[in-house]
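Student: Fold the stuff below for me.
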Amino acid sequence: MERSILRRRVLAAGTAAVAVGALALAGLTGTASADPSPASSAAPVAGADRLSPGLIEAMRRDLGLTADGARARIGAESRAAAAAAGLRRSLGAGFGGARVSGDAAELTVATTRAADTARITEAGARAVVVAHSLADLTSAKAALDRVARQRPPKDVPAWYVDVRTNRVVVEAGRSAAAESFLAAAGVSHKVVTVSQSTARPRTFTDLRGGDAYYMNGTGRCSIGFPVKRGTQGGFVSAGHCGTPGVSTSGYNQQAQGSFQGSTFPGRDYSWVAANTGWTPRPLVNGYGNGDVTVTGSTEALEGSSVCRSGSTTGWHCGTVQQRNSSVTYQEGTVSGVTRTNVCAEPGDSGGSFISGSQAQGVTSGGTGNCSQGGTTYFQPVNPALQAYGLTLVTSGTPTDPPTDPTDPPTDPGGSWAAGTVYAAGDVVTYGSGSYRCLQGHRAQPGWTPPNVPALWQAL
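Tutor: Predicted structure coming up:
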């Protein structure tokens with residue numbers, strides 16, 4: 001069986017280099033009675049049999065639930081929400097908030113009055129007596145919001161009502177910043193917990209696993225995992241994506257950094273140092289399923305579930321088949337990679353492989369595609385970290401912040417052109433071949449018809 005690095009060819013400094021990629025992206029409605037009585041806990045949820053198959057699949061994949069288990073959890077959560085709404089009305093000013101826990105969505109309702117606990121218990125919920133009503137907490141947060149709208153607080157990244165602790169939580173990098181914020185809003189410490197946080201929320205220019213990046217402005221690969229070396233931020237990716245000195249730009253085509261180290265063949269890893277405009281985050285792009293937080297890099301056992309994120313095909317999952325594999329590409333043999341049954345396609349190269357919240361590796365290459373399935377190998381991330389003295393950015397890491405050697409790519413001729421919007425059924429030529437579009441899309445650099453069989457069928 002042919003093995004490839006799912007590549008697309010680009011040139012740089014007179015040297016041919018191969019960029020690879022592969023991986024695709026493999027959604028709730030329901031109403032319930034507002035009756036908070038225990039009998040409602042057994043009532044079916046309207047529409048539970050019509051839940052989106054995509055939602056059920058995502059819950060199966062991400063929460064470890066069977067299809068029946070996912071429907072049961074949604075039903076339990078819907079019934080809990082209805083019960084909580086009824087109790088909120090009946091408890092009035094004493095209502096202190098509600099929450100659910102576990103797959104069974106066990107309901108806990110808080111009140112400021114001990115006399116209300118019997119009513120809560122009769123409704124099938126666990127009762128807790130708290131010091132502050134939800135209305136009081138919400139009012140305190142609203143005061144903070146008013147101050148923030150006039151002048152956003154410095155070094156205070158977030159604040160919120162936490163019904164579990166019955167407090168308004170203010171996250172701050174410095175206690176003095178939190179004190180100043182509270183004083184300006186006239187909010188008492190009696191309802192506030194100040195939590196130390198070094199978070200720096202941003203709306204863009206973050207480094208995130210699975211996002212696209214470009215080498216010398218042309219070839220495209222995917223970020224593996226954000227890393228740090230000392231105070232220098234960057235990311236690891238596949239070695240075949242670039243050589244030291246090659247510059248990179250981000251998904252938004254803004255200058256990003258340059259390759260500092262690269263090994264391929266033999267191994268298939270690299271690392272890119274990013275400029276100060278890019279901040280490494282402990283996240284992997286879930287491509288429509290929400291970002292996945294990275295908490296470590298413990299190796300998953302053979303047979304474990306594993307998912308991949310890449311800039312061509314998005315988010316796909318499968319299982320770890322064999323570790324310590326060797327694979328021979330046209331460019332040479334790569335050893336120490338892990339074999340999976342996850343699909344991938346050109347441009348996914350370098351992208352994240354993750355099991356649960358544990359980083360596993362970066363996409364190397366393989367066979368097949370995401371239309372028919374295939375085999376994909378990933379280079380384990382820990383050897384890459386060790387080789388370059390890098391630290392994986394995880395949810396516990398303070399966050400301060402790759403690329404194929406390329407010249408302008410060779411133009412084989414034909415009607416296909418990057419930037420063009422193609423509809424299913426359109427026919428183009430590329431080089432000496434003709435291709436029919438299988439899925440409507442806007443063509444991107446590197447998504448040439450021979451390289452992306454999920455989008456183009458050879459005629």
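
Student: all helices of the stretch 301-450 of the chain, in order?
Tutor: Along the stretch 301-450 of the chain, counting by DSSP state H, counting those that start in this stretch, helices occupy 381-388.

Student: for it, which spans come out with low pLDDT?
Tutor: Scanning the stretch 301-450 of the chain for pLDDT under 70 picks out 396-411, 419, 439-447.

Student: do the same with the stretch 101-250 of the chain
Tutor: In the stretch 101-250 of the chain (pLDDT under 70), the answer is 199-205.

Student: All the strands of it, in order from the start?
Tutor: 106-111, 126-129, 158-162, 167-172, 192-196, 206-209, 212-215, 219-222, 225-229, 232-237, 247-249 (DSSP state E, counting those that start in this stretch).

Student: what's the spacing between residue 422 and residue 136?
Tutor: 57 Å (CB to CB, to the nearest Å). All C-beta spots, glycine's among them, are computed from the backbone N, C-alpha and C.

Student: quick one: which of these two has more around it?
Tutor: residue 422 (23 against 18; other CB atoms under 10 Å).

Student: So in terms of bridging, what pairs with that one?
Tutor: On the basis of DSSP bridges, residue 422 is bridged to residue 441.

Student: and if you look at residue 355?
Tutor: Assessed by DSSP bridges, residue 355 has beta-bridge partners residue 358.

Student: Which residues are in contact with it?
Tutor: By CB atoms under 8 Å, 6 or more residues apart in numbering, residue 355 lies in contact with 300, 304, 305, 306, 307, 320.

Student: For those residues, pick the one with the most neighbours.
Tutor: residue 307 (26 neighbours).

Student: Tally up the residues packed near the nearest residue to that one once chain neighbours are set aside, please.
Tutor: Spatially, and ignoring its direct neighbours in sequence, residue 307 is nearest to residue 317 (4.1 Å; CB to CB, 6 or more residues apart in numbering). As a burial measure, residue 317 scores 21 neighbours (other CB under 10 Å).

Student: Can you verify my assumption that residue 225 contacts residue 351?
Tutor: No. Under the criterion of CB atoms under 8 Å, residue 225 makes no contact with residue 351, lying 9.6 Å away.

Student: From residue 289, how far off is the residue nearest to residue 307?
Tutor: 10 Å.

Student: Which residue would you name as the spatial centre of this protein?
Tutor: Nearest to the mean C-alpha position of the chain, by CA atoms, centre = their mean, lies residue 291 at 2.5 Å.

Student: measure that one to residue 360 for me?
Tutor: 17 Å.

Student: thinking again about what came up before, pick the most deeply packed of the strands of the stretch 101-250 of the chain.
Tutor: Comparing these by mean neighbour count (mean count of other CB atoms under 10 Å), strand 219-222 ranks first with a mean of 33.

Student: ok, it: who's next to it in the sheet?
Tutor: strand 212-215 (antiparallel).

Student: how close does residue 75 sit to residue 57?
Tutor: 18 Å.

Student: Compare these two and say which is more crowded by neighbours.
Tutor: residue 75 (22 against 16).

Student: Which elements pack onto the strand or helix carrying the more buried one?
Tutor: When elements are assigned from DSSP states H and E, residue 75 belongs to helix 67-91. With contacts defined as 3 or more CB pairs under 8 Å, 6 or more residues apart in numbering; DSSP states H and E, helix 67-91 has these neighbours: helix 53-63, strand 95-101, strand 106-111, helix 117-122.

Student: so it versus strand 95-101, what angle?
Tutor: Per axes from the mean of the first three to the mean of the last three CA atoms, to 10 degrees, the angle that helix 67-91 makes with strand 95-101 is 170 degrees.

Student: Give me the buried stretch members for helix 67-91, please.
Tutor: By neighbour count on 16 or more other CB atoms under 10 Å, the buried set for helix 67-91 is 70-84, 86-88, 91.

Student: tell me the angle it makes with strand 106-111.
Tutor: Using the same axes, to 10 degrees: helix 67-91 against strand 106-111 is 10 degrees.

Student: Now do helix 67-91, average pLDDT.
Tutor: Averaged across helix 67-91, pLDDT comes to 87.

Student: Now do it: distance to the chain's middle.
Tutor: Relative to its chain's centre, helix 67-91 lies at 28 Å (CA atoms, centre = their mean, to the nearest Å).

Student: Tell me who's in contact with the residue nearest to residue 303 when sequence neighbours are not counted.
Tutor: Leaving aside its sequence neighbours, residue 303 sits nearest to residue 319 (CB to CB, 6+ apart; 6.0 Å). Each residue near residue 319 by CB under 8 Å, 6+ apart is listed here: 303, 304, 305, 306, 340, 341.

Student: Mind checking which of the residues you listed are in strands?
Tutor: For these, the ones inside strands are 305, 306, 340, with DSSP state E as the criterion.

Student: thinking again about what came up before, to residue 426, which of the strands of the stretch 101-250 of the chain lies closest?
Tutor: Residue 426 lies closest, by CB to CB, to one member of those: strand 219-222, at 22.0 Å.

Student: centre of the chain versus the closest one, how much separation?
Tutor: On the basis of CA atoms, centre = their mean, strand 219-222 sits 18 Å off its chain's mean C-alpha point.

Student: got it, and stretch 219-228?
Tutor: 13 Å.

Student: Just the terminal-to-terminal distance for that stretch.
Tutor: Distance across stretch 219-228, first residue to last, is 24 Å (CA to CA, to the nearest Å).

Student: hmm, back to that, how much space separates the residue nearest to the centre of the chain from residue 309?
Tutor: In terms of CB to CB, residue 291 sits 9 Å off from residue 309.

Student: shared neighbours, these two?
Tutor: Listed as contacting both residue 291 and residue 309 by CB under 8 Å, 6+ apart are 284, 285.

Student: one step back: I'd like the strands of the stretch 101-250 of the chain written out as TSV, with distance to residue 394 added.
Tutor: Shown next, in TSV, are the strands of the stretch 101-250 of the chain (distance: least, CB to CB, whole Å):
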stretch	distance to residue 394
strand 106-111	30
strand 126-129	33
strand 158-162	19
strand 167-172	18
strand 192-196	18
strand 206-209	12
strand 212-215	21
strand 219-222	19
strand 225-229	9
strand 232-237	13
strand 247-249	23
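
Student: so which of these gets nearest residue 449?
Tutor: strand 219-222 (15.6 Å).

Student: so of the helices and strands packed on helix 67-91, which one's packed in deepest?
Tutor: Most buried of the helices and strands packed on helix 67-91, by mean neighbour count (mean count of other CB under 10 Å): strand 106-111, with a mean of 23.
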